[in-house]
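J.: Following is a predicted model, sequence given first.
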Amino acid sequence: MGNNHRKLSGSQRRRLRKIRDELHSEQGGSCHYCGIETVLPCTDTAQRLVWATLDHKIPLGLDRAFKPDKLAFVLACYSCNSSRRA
């Protein structure tokens, strides 16, 4: 994840999972970038490229404050999100 990633508390992780699940429902499960249908993460690693992830609208490198707010994120498939981390 790079040097901008920091450890999150259990409550922050739970809040982010809730936001991810809400955005998944609101966006019809589609990736914000490519439109592919995503799935909520599970133990089936074969589906990893279409796992639903959260992507920051403003990169952490530009805005280091943690904002557990739905407005700060979009739903992205794992593939799109990981390709944007360059």
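T.: Perfect, thanks for sending it. Numbers count the residues shown, from 1 in each chain.
J.: Mind jotting down where the helices sit in the chain?
T.: 10-26, 78-83 (DSSP state H).
J.: Which of the residues in the first one are classified as buried?
T.: Spelled out, it's helix 10-26. Neighbour counts over helix 10-26 (16 or more other CB atoms under 10 Å) mark 15, 16, 19, 20, 23, 24 as buried. Yep, even glycine has a C-beta here, placed from its N, CA and C like the rest.
J.: centre of the chain versus stretch 69-86, how much separation?
T.: Stretch 69-86 sits 5 Å away from the centroid of its parent chain (CA atoms, centre = their mean, to the nearest Å).
J.: then it to PDB, C-alphas only?
T.: Extracted in PDB, the C-alpha atoms of stretch 69-86 (Å, rounded to 0.1, in the frame of the first residue of the first chain):
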ATOM      1  CA  ASP A  69     -17.100   9.600   5.800                       C
ATOM      2  CA  LYS A  70     -18.900   8.100   2.800                       C
ATOM      3  CA  LEU A  71     -18.400  11.300   0.800                       C
ATOM      4  CA  ALA A  72     -14.600  10.800   0.900                       C
ATOM      5  CA  PHE A  73     -14.700   7.500  -1.000                       C
ATOM      6  CA  VAL A  74     -15.900   5.700  -4.200                       C
ATOM      7  CA  LEU A  75     -16.400   2.000  -4.700                       C
ATOM      8  CA  ALA A  76     -13.800   0.500  -6.900                       C
ATOM      9  CA  CYS A  77     -12.900  -3.000  -8.000                       C
ATOM     10  CA  TYR A  78      -9.600  -4.300  -6.600                       C
ATOM     11  CA  SER A  79      -8.000  -4.200 -10.000                       C
ATOM     12  CA  CYS A  80      -8.800  -0.500 -10.600                       C
ATOM     13  CA  ASN A  81      -8.000   0.600  -7.100                       C
ATOM     14  CA  SER A  82      -4.600  -1.200  -7.100                       C
ATOM     15  CA  SER A  83      -3.700   0.200 -10.500                       C
ATOM     16  CA  ARG A  84      -4.300   3.800  -9.200                       C
ATOM     17  CA  ARG A  85      -1.800   3.500  -6.300                       C
ATOM     18  CA  ALA A  86       1.200   4.300  -8.400                       C
END
